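# structure, please.
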Amino acid sequence: VTLSGIDDQVTQEFQIKSKADSAINWILGAYYLHSKAGFSPSQLAGDALSGIAPGTVQQRTGIQMINSYSVYGQATAPIADNTNLTLGLRFTRDEVSGRGDSFLIIPGVGTVPAAPVYTDSETFEEPTWKAAIDHHFTEDLMAYASVSRGYKAGTFNTGSLDTPPAKPEIVDAYEIGMKSEFADSRIRLNGAVFWNEIKDPQVITFITKGLVASQGLTNAQKARVKGAEIGIEALATDALKLRGAATYLDAKFVDFNPAPFYSLGPVNVIGPVAGDASGNSLPNVPELRFDVGANYTVDNSFGEWVGDVSAAYTDEFAWNADNRVAEKAVTLVNASLSFTPSSKDYLTFRIWGNNLGDVEYYAASQEFSGPAGTGGDIAMVAAPRTYGASISVKY
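Just a heads-up that it's a prediction; the model follows:
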């Protein structure tokens, strides 16, 4: 597979804000986005295509155009001593259009259309909102509760733009949390519990069209994510900062039927066939994640030295809606050392290393079946141990 990508964007935003010392903090705004993105072209080759004639390739183009308009407003006002109420409202209109074509390039024959040119357009409109209340028990302890609706626009899959766009994804989010500082602000502790209801979650799938496996987007009916997170930062000494975070997620499809299911045949992966993924885990969502790190700073006559080391544990998770293929649990360790000379404090020299344990894992995976008995699990290998150096300049 060879890809030639396009990603051009123009944005414009206007805001009117209250004064910083205003009793009621408010903001009004308008936002515009024009985007042109996709692949022009992508090119595929393989045994199935070579069966037509040796060296045959398929060339596909998929371009999506978006014009997005939105207006919004939000205000935070005191409603009692140390208690504030926040209300926000946004209205978004997305005009989405797409064009896709597919050609076979056959040696000795030339370029032959593989499918009719596909064009489509849709307009999506959605109001979103937020309501939150917070209370400051002391200067160092605040608790809050919020409810909000989020919106992810409907979109085409541009890898093979030959199907209608997926419907918008709507998320209703409920959250209760706290933010605090202790020990003369040397320790900061934050935490939250949350519940998200997702309507029409967008899901990637592969289907066989013509001579190749084609990627597409579909919608489940409903999903839900519930969980909790906690984070701590501590100034152990004036030079040493410690940090840690933990996240628990229980993410399931509540209703996804029919869903694309694949199975492992004698040689290849076959499917998709209609299955019921209700109750399955959401793809790419680990149940547990832990992060720890330390940052040490030394100031001397030469300048400032900063060393940092971090470790992140990510639990096992499923790659696809049928939960057939999973990524193993992974722990990654990164480190860096930077130096800013006192005589040239606009310069910073940095050396770094990522995945120091040289852990082998995948950055992405997708199961598919293709024509002529082809099929399998596509996987993108994540970066191994990497290291490097950089120089940054502030001006």
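# and the residue nearest to Arg149 when sequence neighbours are not counted, how far from Leu217?
Spatial nearest neighbour of Arg149, excluding adjacent residues (Cβ to Cβ, 6 or more residues apart in numbering): Thr128 at 4.8 Å. To be clear about C-beta, it is placed using only N, CA and C from the backbone, and glycine gets the same treatment. Plainly put, Thr128 is 21 Å away from Leu217 if you go by Cβ to Cβ, to the nearest Å.
# what is the neighbour count of Asp345?
11 (other Cβ atoms under 10 Å).
# all helices of the protein, in order?
47-50 (DSSP state H).
# let me know the outermost residue of it.
Distance to the chain centre peaks in the chain at Gly108, reaching 43.8 Å (criterion: Cα atoms, centre = their mean).
# quick one: residues contacting the closest residue to that one other than its chain neighbours.
In this structure, Gly108 finds its nearest non-sequential neighbour in Ala53, 6.9 Å apart by Cβ to Cβ, 6+ apart. Applying Cβ atoms under 8 Å, 6 or more residues apart in numbering, we find Ala53 in contact with 106-109.
# where is the longest strand in this protein?
The longest strand of the chain (DSSP state E) is strand 110-138.
# ok, back up a step: ok, the residue nearest to Arg149 - how many residues close by?
Neighbour tally, Thr128, other Cβ under 10 Å: 18.
# again with Ile6
Quick note: Ile6 (other Cβ under 10 Å) scores 14 neighbours.
# and if you look at the one 3 residues further on?
Other residues within reach of Gln9, judged by other Cβ under 10 Å, total 10.
# tell me the pLDDT at the residue nearest to Thr11 when sequence neighbours are not counted?
Spatial nearest neighbour of Thr11, excluding adjacent residues (Cβ to Cβ, 6+ apart): Leu33 at 5.1 Å. Note on Leu33: pLDDT of 97.
# also the one 3 residues further on?
Lys36 is assigned a pLDDT of 94 by the prediction.
# spatially nearest residue to it, not counting backbone neighbours?
Per Cβ to Cβ, 6+ apart, closest to Lys36 is Asp8, 4.7 Å.
# for the stretch 251-395 of the chain, which segments count as strands?
Assigned by DSSP state E, counting those that start in this stretch, the stretch 251-395 of the chain shows strands spanning 259-264, 269-275, 288-300, 303-314, 317-318, 326-327, 330-341, 347-354, 362-369, 375-381, 386-393.
# which of those sits closest to Trp195?
strand 288-300 (17.9 Å; Cβ to Cβ).
# quick one: contacts for the residue nearest to Lys36?
Asp8 touches 35-37, counting by Cβ under 8 Å, 6+ apart.
# would you reformat these as JSON lines and include distance to Glu169 and neighbour count?
Converted to JSON lines, these look like this (distance: Cβ to Cβ, whole Å; neighbours: other Cβ atoms under 10 Å):
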{"residue": "Ser35", "distance to Glu169": "18", "neighbour count": "16"}
{"residue": "Lys36", "distance to Glu169": "22", "neighbour count": "14"}
{"residue": "Ala37", "distance to Glu169": "18", "neighbour count": "18"}
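# ok, so of these, who is nearest Val71?
Scanning these for proximity to Val71, where the rule is Cβ to Cβ, the winner is Ser35, at 18.7 Å.
# next, count neighbours for the nearest residue to the closest one once chain neighbours are set aside.
Sequence neighbours aside, Ile66 is the residue nearest to Ser35 in space, at 4.3 Å (criterion: Cβ to Cβ, 6+ apart). The local packing of Ile66 (other Cβ under 10 Å) involves 18 other residues.
# so Ile66 touches Thr92, yeah?
No. Distance between Ile66 and Thr92: 11.4 Å, which falls outside the contact criterion (Cβ atoms under 8 Å).
# for these two, list the residues in contact with both.
Joint contacts of Ile66 and Thr92 (Cβ under 8 Å, 6+ apart) are Ala153.
# excluding chain neighbours, what is closest to the residue nearest to the spatial centre of the chain?
Geometric centre of the chain, nearest residue: Asn284, 9.7 Å, by Cα atoms, centre = their mean. In this structure, Asn284 finds its nearest non-sequential neighbour in Phe317, 6.2 Å apart by Cβ to Cβ, 6+ apart.
# measure the one you found to Ala383 for me?
According to Cβ to Cβ, Phe317 and Ala383 sit 19 Å apart.
# higher neighbour count, these two?
Legend: neighbour count by other Cβ under 10 Å for Phe317 and Ala383, higher for Phe317 (21 against 10).
# tell me the contacts of the more buried one?
281, 283-287, 326-327 are the contacts of Phe317 under Cβ under 8 Å, 6+ apart.
# who wins for neighbours among these?
Pro283 (23 neighbours).
# where's Glu229 relative to Glu126, distance?
27 Å.
# how far off centre is stretch 57-69?
20 Å (Cα atoms, centre = their mean, to the nearest Å).
# pLDDT (mean, whole number) over it?
Mean predicted confidence for stretch 57-69 is 91.
# output that stretch as CSV, nothing but the C-alphas.
Extracted C-alpha coordinates of stretch 57-69, given in CSV (Å, rounded to 0.1, in the frame of the first residue of the first chain):
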residue,chain,number,x,y,z
VAL,A,57,-2.0,-2.1,-9.2
GLN,A,58,-5.2,-0.4,-8.0
GLN,A,59,-5.2,3.4,-7.7
ARG,A,60,-7.8,5.0,-5.5
THR,A,61,-8.6,8.6,-4.7
GLY,A,62,-10.7,9.7,-1.7
ILE,A,63,-11.1,13.4,-0.8
GLN,A,64,-13.4,14.8,1.8
MET,A,65,-14.4,18.5,2.1
ILE,A,66,-15.8,20.0,5.3
ASN,A,67,-17.3,23.4,6.0
SER,A,68,-18.0,23.7,9.7
TYR,A,69,-19.8,26.6,11.3
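# buried residues in it?
For stretch 57-69, the neighbour count (16 or more other Cβ atoms under 10 Å) marks 57-66, 68 as buried.
# and the residue nearest to Ser35, what is it in contact with?
33-37, 94-96, 153.
# what sits against Ala132?
85-86, 144-148.
# return the per-residue confidence for the residue lying closest to Tyr387 once chain neighbours are set aside.
Residue nearest to Tyr387 in three dimensions, not counting chain neighbours: Gly353, with 4.0 Å by Cβ to Cβ, 6+ apart. pLDDT recorded at Gly353 is 98.
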